[in-house]
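1. Here you go, sequence then predicted model.
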Amino acid sequence: MALGANQEYKMKKSFFSALAALAVIIFGCLAACNSDPGFPAVIERIEITKMPDKIAYNTGETLNLAGMVVTAIYSDGTEKTVQGFTTNPTEGSLVKSVGFQNVKVLYTENGNTVTAGFNVVVPGLGISQFPKTSYLTGETFSITGLEVKLYLEDCTSEVLPVTAAHITGFDSSAPGGTKILTVNYEGKSANFTVWVYTGNGMIWIEAGAYIMGNPDASASPSACIAPYPQRKVILTQGFFMGKYEVTQGEYQAVTGNNPSRYNAGDTANFPVEQVSWYDAVEFCNMLSIQEGLTPAYSIDKENPDPNNTLVDPYDPKWTVTIIPGTNGYRLPTEAQWEYACRAGTTSVFNVGDTITTDDANYNGAPYLYGESDGVNRGQPLAVGSFAPNPWGLYDMHGNVWEWCWDFINDGGQSYYSDAPNPDTDPHGLDQGNRRVERGGSWNRPPARAISAYRERARPQRAINDLGFRVIRPQE
């Protein structure tokens, strides 16, 4: 039966009146609950109301929290001493070095976690701020930026007026590498490390000719990088080539940073990795300037390179061109790289027609069927860890891939198929969407490390098995 308009109006009014009354009851209950002292308040914070009995340690002692009292403060102003808190670092952890070590205290109640913190200390002389740590041969030590503190047993510290006269151990005229410097102040001492860069050590590579590439296409999983067919390559100009891959210490000394993934401990003589092709060409110019040479590259970061056909918003597409007649450092062309890698050999590797992990750092897989597995070291090694090739160059097989100058066209055909034979001073394609990398790496099989093997990467790619070495022309 249909309701009249008046009846419908009265029903709606009754409904909303009942709803309003229910709301009043609910809010009243909530108010009553909140005014009830027994209703649980919310934890707001914790405080360390009594420090541990021990806050001063010797290096190598373990953290002891005995005597510490932690108090929780709640939203209603109440407080209580709490147990069941955790700390980071945990009790029993080693207290490692001179200076403050922060201990974070965490306490969770009803799903709410609050934190507080305090310091313990290893008293003594400590470096709280480091000065410049990379130098060129002949540079003088700079104290700028150095801050030395005396850390005291009561967990306070004071900055000391240290001068260069307090520093010993620096001699940039001595053989390069890691130098441990000592700060001596009123009978106390502290050490820190700097690196002296002495240059990569260059090997002269005579001009000459060789057969570039592989006798068949079996050495490549992709047509675009196939080192086939073989052809005669003539290099009319000799060049100096880095005896080693550019190291982390060298890269740090020149650029002021070390992007490498494998940089824990003393890795100054490990190859730098996680560098893009753009990083490598910038390093070449910076090194040239530092050594008084004329930079080899014009680097335009504003105008995209029309020869870079890569479609990728993350590629900066800098326009990098070689400046003719310059004497600065540069990346090798892949023709120069393979010539130097082979070092007069015609075998698959410059050590013969197979290879083992006694010869190079790769992933340990056998090269030939039936050979035993080698050692998978799982990371790069210091440069020069294996015997050099016949021309004195180290790590041309394995360790890290090495950027070359040349473009390559991923998805297309290898330019080898169209290259002249003989081919004089080749520089690769005029345009492309990748750059060439050579030599294999620590995490790749030996088939990727043969003298002829070619690989490609986006020029902005920076990964932990990719580095480079440099060349420069004769003066």
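-> Cool, the structure landed. For clarity, every value in this text was computed on a predicted model and none was experimentally measured. Numbers count the residues shown, from 1 in each chain.

2. make it CA atoms for all contacts and neighbour counts henceforth
-> OK.

3. buried set for stretch 357-372?
-> By neighbour count with 16 or more other C-alpha atoms under 10 Å, stretch 357-372 contains the buried residues T357, D359, A360, N361, Y362, N363, G364, A365, P366, Y367.

4. Next one: the second one from D395, what distance?
-> Meaning D359. 9 Å (C-alpha to C-alpha, to the nearest Å).

5. what do you get for G169?
-> 32 Å.

6. Compare neighbour counts for these two and give me the winner.
-> D395 (27 against 12; other C-alpha atoms under 10 Å).

7. The more buried one and V246 touch, don't they?
-> No: D395 is not in contact with V246 according to C-alpha atoms under 8 Å; the separation is 11.1 Å.

8. In helices, which of the buried residues of stretch 357-372 appear?
-> Counted as lying in helices by DSSP state H, out of these, is not a single one.

9. quick one: which of the residues you listed is nearest to N257?
-> For the buried residues of stretch 357-372, the closest approach to N257 (C-alpha to C-alpha) belongs to N361, at 25.3 Å.

10. need the contact list for the closest one.
-> N376, R377, P380, L381, H397, G398, N399, S441, W442 (C-alpha atoms under 8 Å, 6 or more residues apart in numbering).

11. picking up where we left off before, which residues do D359 and D395 both contact?
-> By C-alpha under 8 Å, 6+ apart, the residues touching both D359 and D395 are F386.

12. where are the low-confidence patches of the protein?
-> 1-39, 133-137, 172-178, 195-200, 217-221, 413, 475 (pLDDT under 70).

13. rewinding a little: okay, the contacts of N361 in CSV with secondary structure next?
-> Conversion of the contacts of N361 to CSV gives the following (DSSP: H, G, I helix; E, B strand; the rest coil):
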residue, secondary structure
N376, coil
R377, coil
P380, coil
L381, coil
H397, coil
G398, strand
N399, coil
S441, coil
W442, coil
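
14. Pick out the one among those residues with the largest number of neighbours.
-> N399 leads these on contacts (other C-alpha under 10 Å) with 32 neighbours.

15. how far away is the closest residue to G398 other than its chain neighbours from S347?
-> Among residues not flanking G398 along the chain, S441 sits closest, at 4.0 Å (C-alpha to C-alpha, 6 or more residues apart in numbering). Relative to S347, S441 is positioned 19 Å away (C-alpha to C-alpha).

16. repeat for E282
-> For E282 relative to S347 (C-alpha to C-alpha), the value is 34 Å.

17. between these two, which one's more packed in?
-> Each of E282 and S347 had its neighbours counted (other C-alpha under 10 Å), and the higher figure belongs to E282 (19 against 15).

18. Could you grab the helix/strand/coil label for that one?
-> Once three-state DSSP is applied, E282 turns out helix.

19. Over to the one 3 residues further on?
-> The three-state assignment at N285 reads helix, by three-state DSSP.

20. In contact with it, which residues?
-> Contacts for N285 (C-alpha under 8 Å, 6+ apart) come out as P295, A296, Y297, G328, Y329, R330.

21. Ok, M396 next?
-> Counted by C-alpha under 8 Å, 6+ apart, M396 has contacts C341, N389, G439.

22. The last one: neighbour count?
-> Which is G439. 27.

23. Then the one 10 residues further on?
-> Here the number of neighbours of A449 (other C-alpha under 10 Å) works out to 29.

24. roughly how far apart are it and E334?
-> With C-alpha to C-alpha as the criterion, A449 and E334 are 14 Å apart.

25. Per the annotation, how does this protein divide into domains?
-> 43-121, 124-197, 199-475 (automatic domain parsing).

26. which of these is buried the deepest?
-> Highest mean neighbour count among the domains of the chain (mean count of other C-alpha atoms under 10 Å): domain 199-475, with a mean of 19.

27. Dump the contacts of M396 to JSON lines, plus distance to V233 and secondary structure.
-> Formatted as JSON lines, the contacts of M396 follow (distance: C-alpha to C-alpha, whole Å; DSSP: H, G, I helix; E, B strand; the rest coil):
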{"residue": "C341", "distance to V233": "14", "secondary structure": "helix"}
{"residue": "N389", "distance to V233": "20", "secondary structure": "coil"}
{"residue": "G439", "distance to V233": "19", "secondary structure": "coil"}
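
28. which residues in the stretch 201-350 of the chain form helices?
-> 248-255, 277-290, 334-342 (DSSP state H, counting those that start in this stretch).

29. Distance to G187 added to those helices, as CSV?
-> Formatted as CSV, those follow (distance: least, C-alpha to C-alpha, whole Å):
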stretch, distance to G187
helix 248-255, 32
helix 277-290, 39
helix 334-342, 54
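
30. which ones are touching the closest residue to A207 other than its chain neighbours?
-> Spatial nearest neighbour of A207, excluding adjacent residues (C-alpha to C-alpha, 6+ apart): G238 at 4.1 Å. For G238, the contacting residues are W204, I205, E206, A207, G208, P473, Q474, by C-alpha under 8 Å, 6+ apart.

31. Can you flag which of the residues you listed belong to strands?
-> Among the contacts of G238, the members falling in strands (DSSP state E) are W204, I205, G208, P473.

32. Leaving out sequence neighbours, find the closest residue to the third one.
-> In space, G208 comes closest to L235 once its chain neighbours are excluded; the distance is 5.4 Å by C-alpha to C-alpha, 6+ apart.

33. what do you get for T81?
-> T71 (4.3 Å).

34. Got the phi and psi for that neighbour?
-> When read as degrees, to the nearest 10, the backbone of T71 gives phi -120, psi 130.

35. what about it, distance to L106?
-> Taken as C-alpha to C-alpha, the span from T71 to L106 is 12 Å.

36. How about L146?
-> Taken as C-alpha to C-alpha, the span from L146 to L106 is 34 Å.

37. So R435, which state does it fall into?
-> What three-state DSSP gives for R435 is strand.

38. and the gap between it and Q274?
-> For R435 relative to Q274 (C-alpha to C-alpha), the value is 15 Å.
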